[in-house]
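**Q** One predicted model, sequence on top.
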Amino acid sequence: MRFELTPRTNASTMMRVFASVAAFITAFLIAGFVIWLMGRSPIAAFDVYVLQPLSDPWSLQELIVKATPMALIAIGLSYCFRANLWNIGAEGQYVIGAVLGSWIALKTHGMDAGFWVLPLMLLLGIIGGALWGLIPAFLKTRFGVNEILTSLMLVYVAQLTLDYLVRGPWRDPKGFNFPQSVTFDPAATLPPILEAGRVHYGAVFAAIAVLVTAVILGRTLFGYRLKLTGDAPRAARFAGFSSKATTLAVFAISGGLAGLAGISEVSGQIGQLQPSISPGYGFTAITVAFLGRLNPIGILVASLVVALTFIGGESAQIMLKLPLDLTQAFQGILLMCVLAADAMVSYRIRLAARGGGQ
Amino acid sequence: MTTFEAILLTIVTASTPLLIAALGELVTERSGVLNLGVEGMMAMGAACSFAAAVTFDSTLLGVAAGMMAGALMAALFALLVLGFAANQTGSGLALTILGLGLSGLIGAPFVGARRDPIAPVDIPGLSDIPVVGRLFFEQDLFVYASLALTILVAIYLVKTRSGLTLRSIGENHTSANALGLPVRQVRFWAILFGGACAGLAGAYLALVYTRFWSPGMTAGRGWIALALVVFAAWRPAWVLVGAYIFGAATVLQLHAQAAQFGVPSQVLSAVPYLATIIALLLLSIRHGRAIGAPGSLGVPFVPDR
């Protein structure tokens, strides 16, 4: 048995959208099979994972809350991935953004400081994430170090930094020795959009990021430059586009957006620093970016879809005693299905009986 | 045994899984395929080996299960990147995410269980030499196996015809295909070998290093193994050197944490990761970008019939 691949010349947008949907359905079928193997009812699991969250107004809000950081990060990653650069350290940029932004919140704690606190926190969040993202970018452009490995190693360093701060200098002295910071003042809290609602202004930032990115990628020279750098690096060089400048720019953008996601999550959702401030949003955002086909609107939809698996995973853990790891396994399967579907759009794939050479 | 000897012994134990996983990935990469899923395959190897070892009360079956699990995960990766010519970076990441999740599911019933230590194999006579004797000649079988594997991989790549084929496919798959070499077949076996090694490394972690299972116990070792291959410029002997340097860094930072000389433990925990970055940086400064990298590394291969 062997695979024969013939490139398709007429892959339409419709086909690409259909491929994502098909990948999603396939991933669900595989996950259902795994749940069945574990001796549970796939139908009950589907009900808890998908139908119940979608039919309950509280969890619909929760859906947006969870989708927000992933959409922000994945939008940033789409810049990198379009230019064929592999930033897989968004989780670390998210953490450092949250740390640097929270620094202001902790410094002004109890000072009854003014309206400027929150904008400054958000700004520092973006700067922190961007700087953390620029480390692998700089090492790549200046010294030619592989960005995949350095960006990932920096995730561990970022997490340990956060861990040190909340257990050491930033620990709440009145917190009964729990590793957490003080709760942020109202002035340092990202408010909900609707009063008494759960959805904070991070969702607005995500929406803005989607719109701005759609314009940048579709309508500007920079967008064209990214596409050219990714698809035809030689042509991009001949056109006079510096690949170094592109690398630094996309890492700064994706790091900045991850940092914004981090500080928004901490100040709008968690309300304090603690050793873990993310259930792996930075890694899941990679799946989101691919599922959304690196397209801003696609990423927005994909972030909501993947947020559903997080919420469904939590309720499945409580109601069906299904372990939370199932969610992560599902996300891995989903990403595989998306990549396979991608290939099916680009190539006509035929299974042929063994025979003849390759 | 003195403390010094004990430290040296733990360095060997900490280095062995890195060495095994990196050797597997080296063979995969020399065939031109970048598999970023080492961490996931290693986690699966650890979970499956521990589950099997506890269930059947057999270390041997545990090791076999770990290698099988790693190879099966690798086969999934091979289906994606060879069968579908899918993006290798994305597929590798997917494999890591899947492996970490799935290993959690498989290992969950075994949290809290423990395995007895594996008896070291004593080479009579030689192990009586002071310091060096115990260090080199009274280790568990895995350590000897990992050293033998280093030599075998080196001989295979340089001295055998099959190794030459593998390297030429990795260097330029288009030319290799034109010459009639079975590109995807060779790559399939190279990927499977990498997976089995990652699984074995995971088995070593669960059955010898910690002797228990906990989620996320691989703690980035798969990624460090990937970095080691780059660090070693795709040469087996340098993988051995690199693995022992990193093993030493890991163990020494643990001892420094225990000694408590005022440095926060998190700073010391960050040492292996920072060391990886610094090693890659120094290498790039000395040699320019990615020396020794196979020419077709990471490029999807589509045969033009």
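**A** In hand now; what should we look at?
**Q** Give me the number of neighbouring residues for the closest residue in space to B:Ser58 that isn't next to it in sequence.
**A** Closest residue in space to B:Ser58, ignoring its immediate chain neighbours: B:Ala52 at 7.6 Å, by C-beta to C-beta, 6 or more residues apart in numbering or on different chains. Glycine gets a C-beta too; all of them are placed from N, C-alpha and C. Residues near B:Ala52, counting by other C-beta atoms under 10 Å in any protein chain shown, number 25.
**Q** so what's B:Ala52 up against?
**A** B:Ser58, B:Leu61, B:Gly62, B:Ala64, B:Ala65, B:Gly66 (C-beta atoms under 8 Å, 6 or more residues apart in numbering or on different chains).
**Q** so which helix or strand takes in the second one?
**A** Using DSSP states H and E, B:Leu61 sits within helix B:59-78.
**Q** Correct me if wrong: A:Pro89 contacts A:Val157.
**A** Wrong residue type there; residue A:89 is Gly, not Pro. No: taking contacts as C-beta atoms under 8 Å, A:Gly89 lies outside contact range of A:Val157: 9.5 Å.
**Q** Of those two, which one has the most company?
**A** Ranked by neighbour count (other C-beta under 10 Å), A:Gly89 and A:Val157 place A:Gly89 first, with 32 against 22.
**Q** Let me see the contact set for the closest residue to that one other than its chain neighbours.
**A** Distances taken as C-beta to C-beta, 6+ apart put A:Ser151 closest to A:Gly89, at 3.1 Å, once the chain neighbours are dropped. Contacts of A:Ser151 were listed using C-beta under 8 Å, 6+ apart, and they are A:Trp86, A:Asn87, A:Ile88, A:Gly89, A:Gly92, A:Gly133, A:Pro136.
**Q** For the closest residue to A:Met319 other than its chain neighbours, list the residues it contacts.
**A** The shortest distance from A:Met319 to any non-neighbouring residue, by C-beta to C-beta, 6+ apart, is to A:Val48 (5.4 Å). Residues near A:Val48 by C-beta under 8 Å, 6+ apart: A:Gly312, A:Ser315, A:Ala316, A:Met319, A:Leu320.
**Q** mind running it again at 10 Å?
**A** A:Ile311, A:Gly312, A:Gly313, A:Glu314, A:Ser315, A:Ala316, A:Gln317, A:Ile318, A:Met319, A:Leu320, A:Leu322 (C-beta atoms under 10 Å, 6 or more residues apart in numbering or on different chains).
**Q** Retrieve the pLDDT associated with the residue nearest to B:Ala154 when sequence neighbours are not counted.
**A** Nearest non-adjacent residue to B:Ala154, counting by C-beta to C-beta, 6+ apart: B:Pro236, 4.1 Å away. In this model, B:Pro236 is scored at 92, pLDDT.
**Q** Run a quick neighbour tally on B:Pro236.
**A** Neighbours around B:Pro236, by other C-beta under 10 Å: 24.
**Q** That one reaches B:Cys197, doesn't it?
**A** No: the criterion here is C-beta atoms under 10 Å, and B:Pro236 misses it with B:Cys197 at 12.0 Å.
**Q** before we move on, the earlier item: for the helix holding B:Leu61, buried residues please.
**A** In terms of neighbour count (16 or more other C-beta atoms under 10 Å in any protein chain shown), helix B:59-78 has its buried residues at B:59, B:62-74, B:76-78.
**Q** Also within reach of chain A: list those from these.
**A** Contacts with chain A within those, counted by C-beta under 10 Å from any C-beta of the partner chain: B:Leu76, B:Phe77.
**Q** picking up where we left off before, just the buried ones from the contacts of A:Val48?
**A** A:Ile311, A:Gly312, A:Gly313, A:Glu314, A:Ser315, A:Ala316, A:Gln317, A:Leu320, A:Leu322.
**Q** In a strand, the second one, correct?
**A** If I follow you right, that is A:Gly312. No: A:Gly312 sits outside any strand when classified using DSSP: H, G, I helix; E, B strand; the rest coil, being helix.
**Q** ok, it - contacts?
**A** A:45-54, A:59, A:63, A:322, A:326-327, A:330.
**Q** nearest spatial neighbour of residue 61, skipping sequence neighbours?
**A** Just going to use chain A. Counting by C-beta to C-beta, 6+ apart, A:Arg198 is the residue found nearest to A:Gln61 once chain neighbours are left out, at 4.4 Å.
**Q** um, chain B though
**A** B:Ala52 (5.1 Å).
**Q** can you tell me the helix or strand for that neighbour?
**A** Using DSSP H and E, B:Ala52 maps to helix B:38-56.
**Q** And for A:Leu5?
**A** When elements are assigned from DSSP H and E, A:Leu5 belongs to strand A:2-7.
**Q** and that strand, anywhere near chain B?
**A** Yes: Strand A:2-7 reaches chain B (C-beta under 10 Å from any C-beta) through A:Arg2, A:Phe3, A:Glu4, A:Leu5, A:Thr6, A:Pro7.
**Q** Which positions in the stretch 1-150 of chain A make contact with chain B?
**A** The stretch 1-150 of chain A has residues A:1-7, A:34, A:38, A:81, A:84, A:86, A:88, A:135-136, A:139-140, A:142-146, A:148-150 near chain B, with proximity defined as C-beta under 10 Å from any C-beta.
**Q** isn't A:Phe330 right next to A:Pro323, touching?
**A** No: counting by C-beta under 10 Å, A:Phe330 does not reach A:Pro323; the two are 11.5 Å apart.
**Q** Next, show the common contact partners of these two.
**A** Taking C-beta under 10 Å, 6+ apart as the criterion, A:Phe330 and A:Pro323 both touch A:Gly313, B:Gly101.
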